[in-house]
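A.B. asks: Got a sequence here, can you model it:
(one chain, ligands or ions: 1)
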Amino acid sequence: MMSKATIASPSRELMGSPVFDELGMERDPDNLYLQIIDSVLHAAEILELPHHVQIILAQPKNEIMVHFPVKMDDGHHALFKGYRVQHNNALGPYKGGLRFHHDVHLDDVKALSALMTMKCSLVDVPYGGAKGGIKCDPRSLSRDELMRVTRRFVAAIAQQIGPDYDIPAPDVGTNAQVMAWFADTYMSVTEKQDAIAVVTGKPIEFGGSLGREKATGQGVIDVLQEMLPEVGMEIKGHTCSLIGYGNVGSWAGKLWHERGGKVVAVMDHTGAVANPQGLDAIALDDYVREKGGVAGFEKTPHGATKITEDEFYSTKVDVFIPAALEQMITADKARMINCKIVAEAANAPTTPEGERILMEKGVEILPAILCSAGGVTVSYFEWVQNKTHSYWDLEKVDEELNRHMVKAAHKVQQARKRFGVDLRTAAYIAALDRLGKAYKCRGIFP
Ligand code: NAD
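C.D. replies: Predicted coordinates for the structure are as follows:
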């Protein structure tokens, strides 16, 4: 049996590592980057990771910030800000998504890049961690504007990325089409016509992999399928709720439904809907693709009711799946949440205070670096297929993805048993173990 989530000490001193002082880092509990580095350093202390590896991981290797002008449809020029943060490449090329969102900031991108380092290590793909973004509202841009913003950004960072150096992928606000423009621009400006592997998550017609679009959601479900039996549960006949019904949330919802579970409540940026008998996850996906959000689904003949945000959080479920943005499970929300398991499909969806409250309530938190690693795993398969010019069928992708997710879940369970810690710390320990071994072999230049 999974032991209770209270094994760990959620009341340990936050940001207590001496590395914070040594590197002159602030101790701001509201800063997502510092929160993540704090958790990583806490795990590193337990693993007794050498000091030099700890200080290397505490800061990203490169932080790239660019500003570039783009001509808008009405003829005026707007200036955009873009980021690419390359956290670590000890295990292979930098890898991580590209986010288009009006609320992208350097520290958030740094935080997500550090999570990618941990995620790639945990799930056993030969990559380091990176993340990028452009501060913009993609919903307010026309298709042509979106294309020009993407192309100008690629031109601005083309010398600092590459198929063997740093490989972006989709994230919030970007999709396969954006990746196609990205690859096309990179290949044009660098005159490297064989460089299609510079990004993953591309359309199938242009070097993409079967199964990439659903991969992150599928990875969440693969992890749940593997870990739920430890708490005497399975997907079949059990309930879940989801925040976010975009790429990750909709696939997690559809696959939960397909494997016999019920999706009883969904909330996104437009509103929330519920059905205690189970929402039609596929009809909801079709609706969201057409209308842009879940609001109004209650007016369709699919049997749903509109609920408030508080009603959404309070809905009793077996598994609560945050699949939207970071830091949505605050202390207030954690008090309302009524579930046995939180499966973090989004990156860093739980605040430290939210986590403390959930743990006190005995809720198990399956951490993001495990649950949301399916996307980067199939991105790796896409990269391999691009490099070998041979393409896999969906069955092989699904099987290989499941193998990576199950292996990663076992590593986390083993670290938990060995060190008697919560699942998040166990996941960081398992990830750091592989990184520490790589540093031990490589040494530090010169
Ligand atoms: P997406 O843009 O496809 O969907 C985002 C969803 O979040 C939408 O349903 C949107 O309505 C919802 N949302 C945004 N703001 C909200 C708010 N204030 N309240 C409620 N809902 C809100 O993005 P995605 O690709 O599905 O990514 C979701 C999360 O998963 C992010 O944390 C992302 O970093 C993470 N992730 C994505 C991938 C991937 O392959 N796409 C891989 C790993 C992790």
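A.B. asks: who's in contact with the closest residue to the ligand within the chain?
C.D. replies: With CB to the nearest ligand atom as the measure, Gly246 is the residue of the chain nearest to the ligand, at 1.9 Å. Placement of C-beta: from N, CA and C, glycine included. Contact analysis of Gly246 by CB atoms under 8 Å, 6 or more residues apart in numbering lists Val172, Asp268, Val288, Ala323, Ala324.
A.B. asks: ok, so of the residues you listed, who is nearest Lys340?
C.D. replies: Within the contacts of Gly246, proximity to Lys340 (CB to CB) peaks at Ala323, which comes in at 17.8 Å.
A.B. asks: Tell me who's in contact with that closest one.
C.D. replies: Counting by CB under 8 Å, 6+ apart, Ala323 has contacts Gly217, Val220, Leu242, Ile243, Gly244, Tyr245, Gly246, Val248, Gly249, Ala252, Ala345, Ala346.
A.B. asks: Would you list the phi and psi of the residue lying closest to it once chain neighbours are set aside?
C.D. replies: Distances taken as CB to CB, 6 or more residues apart in numbering place Gly249 nearest to Ala323, at 3.4 Å, with adjacent residues excluded. In terms of degrees, to the nearest 10, the main-chain angles of Gly249 are phi -60, psi -40.
A.B. asks: Need the pLDDT of Gly249.
C.D. replies: pLDDT, Gly249: 98.
A.B. asks: what's the spacing between it and Gly261?
C.D. replies: Per CB to CB, to the nearest Å, Gly249 is found 14 Å from Gly261.
A.B. asks: do the same with Val40
C.D. replies: 32 Å.
A.B. asks: ditto for Leu47
C.D. replies: Going from Leu47 to Gly261 by CB to CB gives 35 Å.
A.B. asks: Check Val53 too.
C.D. replies: From Val53 to Gly261 the distance is 40 Å (CB to CB).
A.B. asks: With neighbour numbers in mind, choose between these two.
C.D. replies: Taking other CB atoms under 10 Å, Val53 and Gly261 do not tie; Gly261 has more neighbours (25 against 20).
A.B. asks: tell me the contacts of the more buried one?
C.D. replies: Gly261 touches Ile235, Lys236, Gly237, His238, Thr239, Cys240, counting by CB under 8 Å, 6+ apart.
A.B. asks: which one of those residues has the most neighbours?
C.D. replies: Going by other CB under 10 Å, Cys240 tops these with 28 neighbours.
A.B. asks: Can you give me the domain boundaries for this protein?
C.D. replies: Split into domains by automatic domain parsing, the chain comes to 1-60+421-446, 61-195, 215-366.
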